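> quick one, structure for this:
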Amino acid sequence: MTHTRTIRLMMASAALLTLAGPAFALDGADMMKKLSAAFEVNGTSVTFDKAEANGDVVTASGVKLQVAAQPGESIKIGDVTFEGVEETDGGGYYAETVSFADVNVSEKEDSVSIKDIAIGGLAIPGNASGGTINDILLYESFGTGPMEVKVKGKDVFKIASIESNLTRRENDAGFDFDGTMNGLYADLSEVEDAKAKDAIEKLGLKQIDGQMTMKGSWELESGNLAVEEYALDFKNIGRLNIAMDFSGYTLQFMKALQEANKAAQANPNKEEANQAMGLAMLGLMQQLTFNSASIRFDDASITKKALDYAGSQQGVTGEQLAQSLKAMVPIMMAQLNVPELQNQVSAAVNAYLDAPKSLTISAEPEKPVPFPMIMGAAMGAPNTIPSVLGVKVTAND
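Predicted coordinates:
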């Protein structure tokens, strides 16, 4: 009797689990459709042949990216595997890791290859048309292994690895982000144009290698977007870093920008679409405020090479060309009618040409300046812009 009751209980439990199982199973197709919806806010869609779920793993096959601006053309992604997948509040999904098949495209002796492409911590929103932080397609990390481009069987461009991170701040206040492109290499020795080839050889640029780095933050409430570092650093050339800081780039601003972009892409009349996009951008820029910006170049021997080469084209030495530039800069700056800036630029150029170390152009007003004020100054009194923005030019600091 007890044995029979136990068997019946086990059968009932099995039946219950069988009935309940589908309710807890992941819907791979639904996840992919919501992934596509998240891409569509930027004018891109995702198509796939099928998406199968096995536990917390979803495998999508035949994945393609379709850009609205290029109808009829798509980018083949192939199979994509989402691991550690779970549903989130609001009908969204979260995947611990997303891995892609290696890219290997070739045509005769030309080829492109990318290995070890992976995304970590992918959050797919349930409602991509919403206006909160949870309605944005986000990732925690992205990276690739080696990337190579070959032309006629020879390496012309390589990247050792790409790494980027997006860190969500407490209480969803914003994000911190950073990225690195390591082992950036280009071979310019096969350039065919005779004049360009001569310049490349004289400047020592037949092979260049270095890296790119980026670091910044985005505060959602104020829309403060600060790019502290966006730098290209090449051996025997130098390091160029661009930094900027402005406010007003809120979620609402981003959404309006996406809608304007979608409307432009949907318009078959491209001239009309570009005009509409331009007007929309002018309107949106009224919401932004300028805080600061800078461009800095740290020389690593390219300046002297450039002066020597440019001088040789004019039949003078690099030193003689440098002296000519020193004399020309004040004359050119005088046409802008900005005496204070003219003196700064002249002093900085003189110091840099005498001993090339660094050259910096910065703009840091005493108080943040609304973009409409900048635009008004540009149209009414362009020569006041340097003082409005607090522009400074320095060298070797």
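> make it CA atoms for all contacts and neighbour counts henceforth
Will do.
> so where's the stretch 51-200 of the chain uncertain?
Judged by pLDDT under 70, the stretch 51-200 of the chain has its weakly predicted residues at 68-72.
> okay, how far is it across stretch 354-366, tip to tip?
Between the start and the finish of stretch 354-366 there is a gap of 32 Å, counting by C-alpha to C-alpha, to the nearest Å.
> how far off centre is that stretch?
Taking C-alpha atoms, centre = their mean, to the nearest Å, one finds stretch 354-366 lying 25 Å from the centre of the chain it belongs to.
> what comes into contact with that stretch?
If you take C-alpha atoms under 8 Å, 6 or more residues apart in numbering as the criterion, stretch 354-366 is touched by 291-300, 303-304, 348, 352, 386-397.
> pLDDT averaged over that stretch, what's the number?
With pLDDT averaged residue by residue, stretch 354-366 scores 97.
> do the same with stretch 299-315
When pLDDT is averaged along stretch 299-315, the result is 95.
> in it, what counts as buried?
Judged by neighbour count using 16 or more other C-alpha atoms under 10 Å, the buried positions of stretch 299-315 are 299-300, 302-304, 306-311.
> residue 190: neighbour count?
The local packing count at residue 190 equals 11, with neighbours defined by other C-alpha atoms under 10 Å.
> need the three-state assignment for it.
Under the three-state scheme (DSSP: H, G, I helix; E, B strand; the rest coil), the conformation of residue 190 reads as coil.
> cool, and residue 347?
Quick answer, by three-state DSSP: residue 347 is helix.
> do you know how far it is from residue 395?
Note on residue 347: its distance to residue 395, by C-alpha to C-alpha, is 8 Å.
> tell me the pLDDT of the residue lying closest to residue 367 once chain neighbours are set aside.
Taking C-alpha to C-alpha, 6 or more residues apart in numbering, and ignoring the residues beside it in sequence, residue 367 has residue 291 as its nearest neighbour in space, at 7.5 Å. Listed pLDDT for residue 291 reads 97.
> got it, and residue 223?
Checking the pLDDT column for residue 223, the value is 96.
> cool, and the one 10 residues further on?
Listed pLDDT for residue 233 reads 98.
> just use 599 as the starting number from now, easier for me
Shifting the count to begin at 599 puts that one at residue 831.
> can I get the helix or strand hosting it in PDB, CA atoms only?
Using DSSP states H and E, residue 831 maps to strand 822-832. Written as PDB, here are the backbone C-alpha positions of strand 822-832 (Å, rounded to 0.1, in the frame of the first residue of the first chain):
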ATOM      1  CA  ASN A 822      27.000  65.600 -18.000                       C
ATOM      2  CA  LEU A 823      29.100  63.700 -20.600                       C
ATOM      3  CA  ALA A 824      32.800  64.000 -19.800                       C
ATOM      4  CA  VAL A 825      35.400  62.300 -22.000                       C
ATOM      5  CA  GLU A 826      38.600  62.700 -20.000                       C
ATOM      6  CA  GLU A 827      40.700  60.900 -22.500                       C
ATOM      7  CA  TYR A 828      40.400  59.900 -26.100                       C
ATOM      8  CA  ALA A 829      44.000  59.400 -27.100                       C
ATOM      9  CA  LEU A 830      46.000  58.000 -30.000                       C
ATOM     10  CA  ASP A 831      49.600  57.200 -29.100                       C
ATOM     11  CA  PHE A 832      52.100  56.100 -31.800                       C
END
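> just checking, what packs against it?
Applying 3 or more C-alpha pairs under 8 Å, 6 or more residues apart in numbering; DSSP states H and E, we find strand 822-832 packed against strand 805-817, strand 836-845.
> need the ones you listed in TSV with mean pLDDT, mean neighbour count and distance to residue 689, can you?
Listed next are the helices and strands packed on strand 822-832 as TSV, based on pLDDT from 0 to 100; neighbours: other C-alpha atoms under 10 Å; distance: least, C-alpha to C-alpha, whole Å:
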stretch	mean pLDDT	mean neighbour count	distance to residue 689
strand 805-817	97	19	26
strand 836-845	98	20	32
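> take the ones you listed and lay them out in CSV including distance to residue 880.
Output for the helices and strands packed on strand 822-832, formatted as CSV (distance: least, C-alpha to C-alpha, whole Å):
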stretch, distance to residue 880
strand 805-817, 22
strand 836-845, 16
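> tell me which of those strands approaches residue 824 most closely.
Closest to residue 824 of those is strand 836-845 (C-alpha to C-alpha; 4.3 Å).
> now do stretch 717-735: distance from first to last residue.
Using C-alpha to C-alpha, one end of stretch 717-735 lies 12 Å from the other.
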